[in-house]
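Engineer: no FASTA, just this:
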């Protein structure tokens, strides 16, 4: 089983749509969880950390379910500029990346 | 805003040659990492470095790889004898701590082995 699994997509959605990404991780000892965003041929950049209580940052909401070892990201009111690859990242000291889910928002 | 800087942005080298990829982490950060991303694939962990020594390394980080922090600011990755399959984007990252702290990534060095 992969350490961090994501649906690779692509997810093609119209502007204004709501889209949800899911991620599962295999190591229950994982300590911290993040969503990073990666634009084509660029470095990963932190989108948000993920907490068990759930957290929201504007149009973005992240949830963590430790019992199910499951992480989610919800993007509301999608913008063209949201088009990117979204990386689920788990920290066990080092950061372990999922394969990423590609999002394409069209007009 | 402080940032991680990497040089060069692109390096082309012949198979069998040695390359050194350079990184300047953010100045008050304590943990340093190298990752690589082969085109179209996921970001893969290579090595972590703390307190002037390697704290963890992956199976990819074999004897042809080494890291150094020679002068307290630069953090280098050396590949001794490059292979075609070493062609990838190499990212350096740094953080203030482990746990729930953000890792900041450099813009990467694209290594092409011909």
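Structural biologist: Perfect, I can see it now. For clarity, every value in this text was computed on a predicted model and none was experimentally measured. Residues are numbered from 1 along each chain as shown, chains lettered A, B, ... in the order given.
Engineer: surely residue A:105 meets residue A:14?
Structural biologist: Yes - in this structure, residue A:105 is within contact of residue A:14 by CB atoms under 8 Å, at 7.3 Å. Placement of C-beta: from N, CA and C, glycine included.
Engineer: Name the residues contacting each of these two.
Structural biologist: Common neighbours of residue A:105 and residue A:14, counting by CB atoms under 8 Å, 6 or more residues apart in numbering or on different chains, are residue A:78.
Engineer: The two - which one has more neighbours?
Structural biologist: residue A:105 (20 against 9; other CB atoms under 10 Å in any protein chain shown).
Engineer: What residues of the helix or strand encompassing the more buried one count as buried?
Structural biologist: Per DSSP states H and E: residue A:105 is located in strand A:101-106. Using 16 or more other CB atoms under 10 Å in any protein chain shown as the test for burial, strand A:101-106 gives A:101, A:102, A:103, A:105.
Engineer: Low-confidence stretches in chain B?
Structural biologist: Along chain B, segments meeting pLDDT under 70 are nowhere present.
Engineer: and it, which residues reach chain A?
Structural biologist: Residues of chain B lying near chain A by CB under 8 Å from any CB of the partner chain: B:33, B:35, B:41-45, B:48, B:55-56, B:89, B:91, B:93, B:98-100, B:102-108.
Engineer: what's residue 98 sitting at in phi/psi?
Structural biologist: This is for chain A. phi -80, psi 170 (degrees, to the nearest 10).
Engineer: nope, chain B
Structural biologist: phi -90, psi -150.
Engineer: What count of nearby residues applies to the residue lying closest to it once chain neighbours are set aside?
Structural biologist: Distances taken as CB to CB, 6 or more residues apart in numbering or on different chains place residue A:93 nearest to residue B:98, at 5.3 Å, with adjacent residues excluded. For residue A:93, the count of nearby residues is 16 (other CB under 10 Å).
Engineer: Surely residue A:93 and residue B:95 touch.
Structural biologist: No - using CB under 8 Å, residue A:93 is not in contact with residue B:95, being 10.5 Å away.
Engineer: Residue B:9: what's it in contact with?
Structural biologist: By CB under 8 Å, 6+ apart, the contact set of residue B:9 is B:107, B:108, B:109, B:110.
Engineer: So which of those are in helices?
Structural biologist: Among the contacts of residue B:9, no member is found in helices (DSSP state H).
Engineer: Just flag the most distant two among those residues.
Structural biologist: Farthest apart among these by CB to CB are B:107 and B:110. That separation is 9.9 Å.
Engineer: wait, isn't residue A:73 in contact with residue A:18?
Structural biologist: No - applying CB under 8 Å as the test, residue A:73 and residue A:18 come out as separate, 11.3 Å apart.
Engineer: of the two, who's got more company?
Structural biologist: In this view residue A:73 and residue A:18 are compared by other CB under 10 Å, and residue A:73 has more residues nearby, 23 against 11.
Engineer: ok, residue B:19 to residue A:96 distance?
Structural biologist: 26 Å (CB to CB, to the nearest Å).
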